[in-house]
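[1] No letters, just coordinates:
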């Protein structure tokens with residue numbers, strides 16, 4: 001008994017997709033450019049999903065972020081503490097984080113890295129070559145957030 005296989009015409013295509021009159025499949029026609037801010041927002045949100053991460057950004061960055069949030073049109077600060085470099089196929093991410101007191105910093109950093117890599121690669125298709133994490137501070141349980149302190153000082 002002989003086995004037969006059917007092949008589609010894949011002439012001129014390296015990815016094995018059928019040729020359509022010299023044109024590729026509709027999903028492969030053209031280029032997609034992903035802005036740095038898009039990757040930064042994805043990375044920032046993914047880092048904040050880890051429960052042991054109190055906030056992103058160094059103390060000065062957080063202070064400026066608190067002021068920026070109060071200015072109309074100032075933005076939400078999702079990219080605060082996030083820097084990215086995006087190429088055609090790869091991305092690198094740098095994060096400045098504040099960790100909750102008592103959390104294992106090495107384990108938390110590994111969780112953040114994993115979550116950021118998975119989110120960026122899944123949503124953008126870019127390969128994340130590195131996620132560098134700088135732990136700038138440890139949030140103590142009895143410390144108030146800067147935003148809470150400023151709101152408490154307001155006169156009603």
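    Yes, it's here. These numbers were taken from a predicted model, which means no experiment stands behind them. Numbering: from 1, shown residues only.

[2] Please, where are all the helices along the protein?
    36-48, 59-70, 105-124, 146-153 (DSSP state H).

[3] and the ones you listed, which one is worst for confidence?
    Here the lowest mean pLDDT among these goes to helix 146-153, at a mean of 46.

[4] Touching, residue 57 and residue 81? I think so.
    Yes. Taking Cβ atoms under 8 Å as the definition, residue 57 is a contact partner of residue 81 at 3.2 Å. C-beta: built from backbone N, CA, C; applies to glycine.

[5] for the longest strand along the chain, packing partners?
    Longest strand of the chain, by residue count under DSSP state E: strand 127-139. Packing partners of strand 127-139 (3 or more Cβ pairs under 8 Å, 6 or more residues apart in numbering; DSSP states H and E): strand 90-100, helix 105-124.

[6] mind checking which of those is nearest residue 34?
    Closest to residue 34 of the helices and strands packed on strand 127-139, according to Cβ to Cβ: helix 105-124, at 5.2 Å.

[7] Tell me what angle that closest one forms with strand 127-139.
    Orientation of helix 105-124 against strand 127-139 (axes from the mean of the first three to the mean of the last three Cα atoms, to 10 degrees) gives an angle of 140 degrees.

[8] What residues sit buried inside helix 105-124?
    By neighbour count, with 16 or more other Cβ atoms under 10 Å as the criterion, the buried positions of helix 105-124 are 108, 109, 111, 112, 113, 115, 116, 117, 119, 120, 124.

[9] looking at it, the third one is touching residue 50, isn't it?
    Yes. Counting by Cβ under 8 Å, residue 111 touches residue 50, with 5.0 Å between them.

[10] that older thread, anything in contact with each of residue 57 and residue 81?
    In the contact map built from Cβ atoms under 8 Å, 6 or more residues apart in numbering, the residues linked to both residue 57 and residue 81 are residue 96.

[11] Give me the more crowded residue out of the two.
    Counting neighbours by other Cβ atoms under 10 Å for residue 57 and for residue 81 shows that residue 81 has the greater number, 26 against 22.

[12] and the longest strand of the chain, which residues are buried?
    With burial defined by 16+ other Cβ under 10 Å, the residues of strand 127-139 counted as buried are 128, 131, 133, 136, 137, 139.

[13] what's in contact with it?
    Outside of strand 127-139, the residues within contact range by Cβ under 8 Å, 6+ apart are 43, 54-55, 57-59, 89-101, 105, 109, 112-113, 116-117, 120-121.
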